[in-house]
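# based on what follows, work out the 3D shape:
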Amino acid sequence: MDGDNFQKFGIGQPVRRKEDPRLLTGAGKYVDDINLDNQAYAVVVYSPYAHARILSVDTSEAEAAEGVLAIYTGKDWDPAKYPSLPIVSAVQESRDGSKIRAPGRPCLVSDKVMYVGDSVAMVVAESWEQARDAAELVMVDYDPLPAITDARKAVQDGALQLWEDIPNNICLDFEKGDEAATDAAFAAADHVISLEMHSNRVQAAPIEPRAALGSYDAETDSYVLYNSSQNIHANRDQVAKILGVDPQKIRHVAYDVGGGFGAKNGIYPEHVLVLFASEKLGRPVKWRKDRTDTFIADIHGRDQRSVVELAINNDGVFKALKVSSWGNIGAYAASNGPFTPTGGSARTQGGPYRMEAMYFHSYAVFTNTSPTAPYRGAGRPEASFHIERVIDYAAHKLGMDPIELRRKNALTGAETPHTTPMGLDVDSGDFAAIYEQALTLIDQKGYEQRKKDSAARGLRRGFGTCLYLECSGGGPKEFSRIVFEDDGRATLSVGSQSTGMGHETALPQIVAARLGLDFDRIDYVQADTAATPIGGGHGGSRGLEVGGSAVMKAVDTVIAKARRIAAQEFETSVEDVTFEDGVARVVGTDRVLNFDEIVRLSRKDEFRGDGLENGLDSEEIFERSAITVPNGCHIAEVEVDPDTGVVKLDRYAIIDDFGNVVNPMLADGQVMGGTVQGIGQALLETMIYDDDGQLLTASFMDYAMPRASDIADMAIEYYEDAPTKKNPLGVKGAGEAGCVGAMAAVVNAAMDATRDLGVLHIDMPLTPMRVWGALQEAGKD
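Model prediction:
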């Protein structure tokens, strides 16, 4: 790579996404774009009841319908032969040492449905239309039962018990921190401020609904599963366990995935059922979900109610934090769902502030609702919301300045490394400096004039901050392989996956920068278990942190081999050869080899000695030693119309510390996307169940997502003075940080706007009706 190319494609450069032309011109390869010869089509029959006994399932009329090939029900799903979907949770014990309590979830239920969306039957036919028509003819006789949808009510004595062997519907009773030290700090503090808040239930709403295509080959006794998955290797292993086959017998592929946000991280019944049906019928079976079924039957996110208490002295110094939470994980323990409101929410409690002590207690609770699981941030947005909301609430209650409270309590760079009372190892960062940078970026000094300008138009302006702490890394292990052609072209294969994050650009950027290769001469392979032996998929903002580090490790091996080959060619020692910017050089001489020349030498037998049998081709596995701690600051300014309750974003500024930024253009995209999702939850989005467990927001007519007109221009800058030492790239995860910072910033801004009118807190989302109603109630006092 010449100097101009390095400036364009090197690490830190805003390289345009390589994958975008393919995706924007309709050349992407999503599940529904894949068709196999002689494939059949499947439709799943979902329960219309939140809680009911199944008295009978009559498929006779449906079986006689035109084109129907087979109908499978719970009687075809022998639990002795086919185990339940896996119970995945990074937290496996309650605080008393007892094991996680969770029911098995069959792919097809036979006796009782537990939420609207439980899988009851699958119809397979020659066409979509025939399968859909026949599904309407499956007659299920239900005996409806009472339902419970509120987690806090579900744990109370005397509440409806959903599972006989799970008392009080509690999956996990979790704690972290020092309760005694926290109580002592509370007793000594001048004030204890308490606020109850709710992180509302949301839907991931990926642009591509879930789909799956399964194929069984009787000759090789092997399977191929195509589906829109975030984690193909883990999903393959889980499906194999249910079907009772060797995981190596299943090839799992997810070429392009139209968004996931956590909802596509685990397996669903349909993934298993298409392979099951394909083996039974001897032909491929394709299934896809429509948008309404996506709302009712896909995993949801959030739904955590909390009581947050902050101990604070008269001088504004924070002393301790106590949080009590009830996490609604739905009817089953799905895809790390029990972890999200427990361990996932625990780690970053308290944010980047000095605290003497903290204590976090949370229940993961079963209800008659769709299962919840990690949704962009997986507990960390909730933790950030806890501390940031209670800081502003305390400031307003005690007549203090929220900005000065944060200045007084935020950790400085001189105080890192730092271990929080929750045990989180913060190895680098300067939160106080980031806060000042964000205040400058938003033009905080000009706020009072903008507030007067808003008032002149009859609007209330508010200023809201979230100084956030994140933790990222996801699965700890990742694979990378680099293979070279004779002409120097390279193919990079990785086990991590992109579901829209730009890995096809960022990871080859690392190879191009380190080896001096032209960026356009690097092909990229992902999301196929036939191409990569292991992989951690995507989740927990791990793409660069773990996947990129695996690429770095493989590149290091390539460079070590290149130096050996160059040393052999120059008849000198390896120690005398350097490699930089794609050129091997004998120290102190003008003897050089560019990388293309080294590739050509590597193909010759005389350069295939010990350790060089595969030439420059290299593969490595990277395993991280610890998670990283991204951090930053979001500041929002909003205008609230007191006559209508409308909250309108007007200004937004973000400073993020992601360590070294490999591609700032891609980072901007991740930050914007995550921030918009956080804004959506704060102002618009919510999944609402009635008391019978019926979902009232099961379409985009009722579930409001943000549009471009709902979002203010975002000013984004990066703080790159504190790279982490926990991985070779010095990076901290960027994918979920926007969600972590946005909710509290927006809600704090809205509450700042309404506090003089007597409204200090409103649960999300801050819809016009909620805001207007709260203002009307406050006006009665």
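# secondary structure class for Met501?
With DSSP: H, G, I helix; E, B strand; the rest coil as the basis, Met501 sits in coil.
# let me see the contact set for it.
538, 543, 666, 670, 735 (CB atoms under 8 Å, 6 or more residues apart in numbering). (Each C-beta comes from the backbone N, C-alpha and C, glycine too.)
# give me that answer again for 6 Å
By CB atoms under 6 Å, 6 or more residues apart in numbering, the contact list for Met501 reads Gly543.
# what of Pro381?
By CB under 6 Å, 6+ apart, the residues touching Pro381 are 739-740, 743.
# gap between Asn200 and Ile329?
Taking CB to CB, to the nearest Å as the measure, Asn200 falls 15 Å from Ile329.
# between the two, which one's more packed in?
Per other CB atoms under 10 Å, whichever of Asn200 and Ile329 has more neighbours is Ile329, with 32 against 20.
# the more buried one should be in a strand, yeah?
Yes - using three-state DSSP, the assignment for Ile329 is a strand.
# picking that back up, return the subset of the contacts of Pro381 lying in helices.
739-740, 743 (DSSP state H).
# may I see those residues arranged in a markdown table, with neighbour count and pLDDT as well?
Below are the ones in helices among the contacts of Pro381 laid out as a markdown table (neighbours: other CB atoms under 10 Å; pLDDT from 0 to 100):
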| residue | neighbour count | pLDDT |
| --- | --- | --- |
| Cys739 | 28 | 97 |
| Val740 | 34 | 98 |
| Met743 | 32 | 98 |
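# picking that back up, looking at the contacts of Pro381, which is nearest Ile762?
Ile762 lies nearest to Met743 out of the contacts of Pro381, by CB to CB, at 12.7 Å.
# just to check, the closest one is in contact with Gly680?
No - taking contacts as CB atoms under 6 Å, Met743 lies outside contact range of Gly680: 9.5 Å.
# where in the chain is pLDDT low?
Within the chain, the segments meeting pLDDT under 70 span 1-9, 781.
# any idea which residue of it is furthest from its center?
When distances are taken from the C-alpha mean of the chain, Glu571 lies farthest, 51.5 Å away, according to CA atoms, centre = their mean.
# just read off the phi/psi values of it.
Phi and psi for Glu571, reported as degrees, to the nearest 10, are phi 50, psi 50.
# same question, Pro144
Per degrees, to the nearest 10, the backbone of Pro144 is at phi -60, psi 140.
# now it: closest residue in space, sequence neighbours ignored.
Ala52 (4.7 Å; CB to CB, 6 or more residues apart in numbering).
# next, the residue nearest to Ala205 when sequence neighbours are not counted: secondary structure please.
Distances taken as CB to CB, 6+ apart place Met705 nearest to Ala205, at 6.2 Å, with adjacent residues excluded. Put simply, Met705 is coil when judged by three-state DSSP.
# tally of neighbours for Met705?
15.
# quick one: it and Met769, what's the gap?
Counting by CB to CB - Met705 and Met769 are separated by 17 Å.
# who touches stretch 191-198?
Counting contacts by CB under 6 Å, 6+ apart, the residues touching stretch 191-198 from outside are 186, 305-312, 389-390, 393-394, 397, 763.
# tell me which two of the residues you listed sit farthest apart.
Phe186 and Asp763 (24.7 Å).
# these two - which one has more neighbours?
Between Phe186 and Asp763, counting by other CB under 10 Å, Phe186 is the more crowded of the two (20 against 15).
# so the closest residue to that one other than its chain neighbours is in which element?
Once flanking residues are discounted, Phe186 sits nearest to Ala311: 4.6 Å by CB to CB, 6+ apart. In this assignment (DSSP states H and E), Ala311 forms part of strand 304-312.
# who does that strand pair up with?
strand 191-199 (antiparallel), strand 318-330 (antiparallel) (DSSP bridges).
# now those in CSV, with distance to Ala567?
Formatted as CSV, those follow (distance: least, CB to CB, whole Å):
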stretch, distance to Ala567
strand 191-199, 58
strand 318-330, 58
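# just name the most buried of the ones you listed.
When the strands paired with strand 304-312 are scored by mean count of other CB atoms under 10 Å, the highest mean neighbour count falls to strand 318-330 (a mean of 26).
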